[in-house]
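S.K.: Fold the following for me, if possible:
(one chain, ligands or ions: 1)
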Amino acid sequence: MSLNEVNEHEVDVLDVDRIKADFPILERKVHGKRLVYLDSGNSSQKPLPVLAAMDHHYREYYANIHRGVYTISEESSAAYQAAHEKVARFLNAPSWREIVFTKNITEAINLVAYTWARANLRAGDAIVLTEMEHHANIVPWHILAAERGVELRWIPLTADYQLDLTDLDRALDGAKLLCVSAASNVLGTLNDIASLSARAHAAGAKVLVDAAQAVPHLPVDVQAWNADFVGFTGHKMLGPTGIGGLWAPEELLEAMPPFLGGGEMIRTVTKEGFTTNELPWKFEAGTMPIVEATGLGAAVDYLEAIGMGAVREHERELTRYALDALTDRFGDRLTIYGPLDVETRGGTISFLFDGIHAHDVSQVLDEDGVCVRAGHHCAKPLMKVLGVPATTRASLYVYNDEADVDALVDSLARAEKFFAI
Ligand SMILES: Cc1ncc(COP(=O)(O)O)c(C=O)c1O
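M.R.: Coordinates of the predicted model:
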């Protein structure tokens, strides 16, 4: 039986062996070695129920949605709407109409930048960002700032890789928007979104949360966060590429101008103009990633079957194990860029050996079948703050276990020895 069929309440601890068996790619060998996948922060692998759900959709009722009055088109449309409903339930959104699908979180953030922000911000207004943002939550604001004369303000970091909120009230004074990631894709730091939302709202600013690294790993409740925009991306949460989304309250989405124009997002079109469709279709122009939505819905089912509390607990324990193993084995020769307290961080672990380039390390690891990411992780302003051009990053997920961490540490020891010669 696949986990997809298991009732959430029957699973109290996360059974990694059973989960691993659902991911065919983990049976692969690379360079004759077992594949040890530690790059889920970049993109996650896909379990059988996700592959099966997409295959089933294509085989049994694939057709374009909302257009045909024939049976399989209606079935395809129903599945597409059901995916919105599953994501809404997963994020505790009050209504599925508040879930807008996009091709990824980058597009979700750009949607906010091109609609709400361009309708509401003008020269002299300010946007507050943090130094730990991904380029997806920086560049759309640079483009707007250059176009409109909007000021960008930055929340700095503390020495232990948390947001330094000492001057937050000053930064928020007169600001229209706070853009913050719920979990850093480099440092692993988890930010207290509910409290940041409260402070931003008290200052009259709206809040956009980049939850790309949070939704796959922690229970997320958009109502408890009380932010205004929350973006997520499907491929990091066991779903396929090509689909992500935005949550925002219905009144806000209703008040925003449309983003992309074309088919599906209209109610009527005349030579004189057009009116927009109801939510969420108003923001879903053209033929959408229909089967990918089905895959995302299956990924949500899979994560719910495990239970997001169990996912978080598993990653907390495994992160503790990994941090201990790295510091025990390499001591001061290896710098970890991120908090060491697992209560305030997720399973994204960035590090550097003294004097060895991040890319060189990852190449040696690849020879051992260990997949990690090396580079600036699309967070160049953060790299500048850290004073390094790049880091090596191992990121943990539901299908990783202590044996994977041991393989990482052994391979790192080999890399250290190799470059010391
Ligand atoms: C924190 C964060 N935000 C945004 C993104 C962008 O995701 P996507 O490429 O799916 O739009 C990523 C992906 O690495 C990320 O880690």
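S.K.: Residue numbers of the stretch 1-150 of the chain in contact with the ligand?
M.R.: Contact residues, the stretch 1-150 of the chain versus the ligand (Cβ under 6 Å from any ligand atom): Asn104, Ile105, Thr106, His134, Ala136. For every residue, glycine as well, the C-beta is placed using N, CA and C.
S.K.: Name the member of those with the most neighbours.
M.R.: Ile105 (26 neighbours; other Cβ atoms under 10 Å).
S.K.: Contacts only, for that residue.
M.R.: Applying Cβ atoms under 8 Å, 6 or more residues apart in numbering to Ile105 gives the contacts Ala136, Asp210, Ala211, Ala212, Gly231, Phe232, Thr233, Gly244, Gly245.
S.K.: Also His217?
M.R.: By Cβ under 8 Å, 6+ apart, the residues touching His217 are Ala183, Val311, Arg312, Glu315, Gly346, Gly347, Tyr397.
S.K.: For it, report the pLDDT, please.
M.R.: With respect to pLDDT, His217 scores 98.
S.K.: Doesn't it lie inside a strand?
M.R.: No. Per DSSP: H, G, I helix; E, B strand; the rest coil, His217 lies outside any strand segment and is coil.
S.K.: Counting neighbours, what do you get for Phe330?
M.R.: 18.
S.K.: For the helix or strand encompassing it, name the packing helices and strands.
M.R.: For Phe330, the host element (DSSP states H and E) is helix 308-330. For helix 308-330, the elements it packs on are strand 334-337, strand 348-353, helix 402-420, judged by 3 or more Cβ pairs under 8 Å, 6 or more residues apart in numbering; DSSP states H and E.
S.K.: ok, 6 Å please
M.R.: helix 402-420 (3 or more Cβ pairs under 6 Å, 6 or more residues apart in numbering; DSSP states H and E).
S.K.: Quick check: buried residues in the helix it packs on?
M.R.: Asp404, Val405, Ala407, Leu408, Val409, Ser411, Leu412, Ala415, Glu416 (16 or more other Cβ atoms under 10 Å).
S.K.: distance between that helix and the chain's centre?
M.R.: Distance, stretch centre to chain centre, for helix 402-420: 28 Å (Cα atoms, centre = their mean, to the nearest Å).
S.K.: ok, back up a step: switch the buried residues of helix 402-420 over to JSON lines; also include distance to Leu48.
M.R.: As requested, the buried residues of helix 402-420 are arranged in JSON lines below (distance: Cβ to Cβ, whole Å):
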{"residue": "Asp404", "distance to Leu48": "20"}
{"residue": "Val405", "distance to Leu48": "24"}
{"residue": "Ala407", "distance to Leu48": "24"}
{"residue": "Leu408", "distance to Leu48": "25"}
{"residue": "Val409", "distance to Leu48": "30"}
{"residue": "Ser411", "distance to Leu48": "28"}
{"residue": "Leu412", "distance to Leu48": "31"}
{"residue": "Ala415", "distance to Leu48": "33"}
{"residue": "Glu416", "distance to Leu48": "37"}
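S.K.: Helices along the stretch 51-200 of the chain, start to end?
M.R.: Remark: helices assigned in the stretch 51-200 of the chain by DSSP state H, counting those that start in this stretch are 71-90, 105-112, 118-120, 139-148, 168-172, 193-202.
S.K.: quick one on the thing from earlier: for ChimeraX, write the select line for the buried members of the contacts of His217.
M.R.: Typed into ChimeraX, the line below selects the buried ones among the contacts of His217, using 16+ other Cβ under 10 Å:
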select :183,311,312,315,346,347,397
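S.K.: Closest one of the contacts of His217 to Glu27?
M.R.: Tyr397 (16.7 Å; Cβ to Cβ).
S.K.: Please determine how far the closest residue to the closest one other than its chain neighbours is located from Asp17.
M.R.: If the residues on either side of it in the chain are set aside, Tyr397 comes closest to Ser40, at 3.8 Å by Cβ to Cβ, 6 or more residues apart in numbering. Look at Ser40 and Asp17: by Cβ to Cβ, to the nearest Å, they are 18 Å apart.
S.K.: Neighbour count: these two, which is higher?
M.R.: Taking neighbours as other Cβ under 10 Å, Ser40 and Asp17 compare with Ser40 leading, 26 against 8.
S.K.: Isn't that one up against Tyr399?
M.R.: No. With contacts counted by Cβ atoms under 6 Å, Ser40 stays clear of Tyr399, the gap being 8.2 Å.
S.K.: where does the residue nearest to Phe229 when sequence neighbours are not counted land in three-state SS?
M.R.: Excluding the flanking residues, the one nearest Phe229 by Cβ to Cβ, 6+ apart is Leu208, at 4.2 Å. Secondary structure assignment for Leu208 (three-state DSSP): strand.
S.K.: where's the residue nearest the centre of the chain, which helix or strand?
M.R.: Geometric centre of the chain, nearest residue: Ala212, 1.4 Å, by Cα atoms, centre = their mean. Using DSSP H and E, Ala212 falls within no helix or strand.
S.K.: Model confidence at it, what's the number?
M.R.: At Ala212, the pLDDT recorded in the model is 98.
S.K.: Repeat that for Asp12.
M.R.: Asp12 is assigned a predicted lDDT (pLDDT) of 56.
S.K.: again, but for Glu5
M.R.: 46.
S.K.: same question, Gly355
M.R.: Here the pLDDT value assigned to Gly355 is 89.
S.K.: what about it, distance to Asn92?
M.R.: As judged by Cβ to Cβ, Gly355 and Asn92 stand 47 Å apart.
S.K.: Look at the two and report which has more neighbours.
M.R.: Set Gly355 next to Asn92 and count neighbours by other Cβ under 10 Å: Asn92 wins out with 14 against 9.
S.K.: Pretty sure the more buried one sits against Val220.
M.R.: No. Contact criterion Cβ under 6 Å: Asn92 and Val220 do not qualify, at 7.7 Å.
S.K.: Against Lys236, how distant is the nearest residue to Ala390 once chain neighbours are set aside?
M.R.: Among residues not flanking Ala390 along the chain, Ala358 sits closest, at 4.2 Å (Cβ to Cβ, 6+ apart). Look at Ala358 and Lys236: by Cβ to Cβ, they are 21 Å apart.
S.K.: residues contacting the nearest residue to Ser76 once chain neighbours are set aside?
M.R.: Nearest in space to Ser76, with sequence neighbours left out and distances taken as Cβ to Cβ, 6+ apart, is Ala63 at 4.7 Å. Taking Cβ atoms under 6 Å, 6 or more residues apart in numbering, we find Ala63 in contact with Ile72, Ser73, Ser76.
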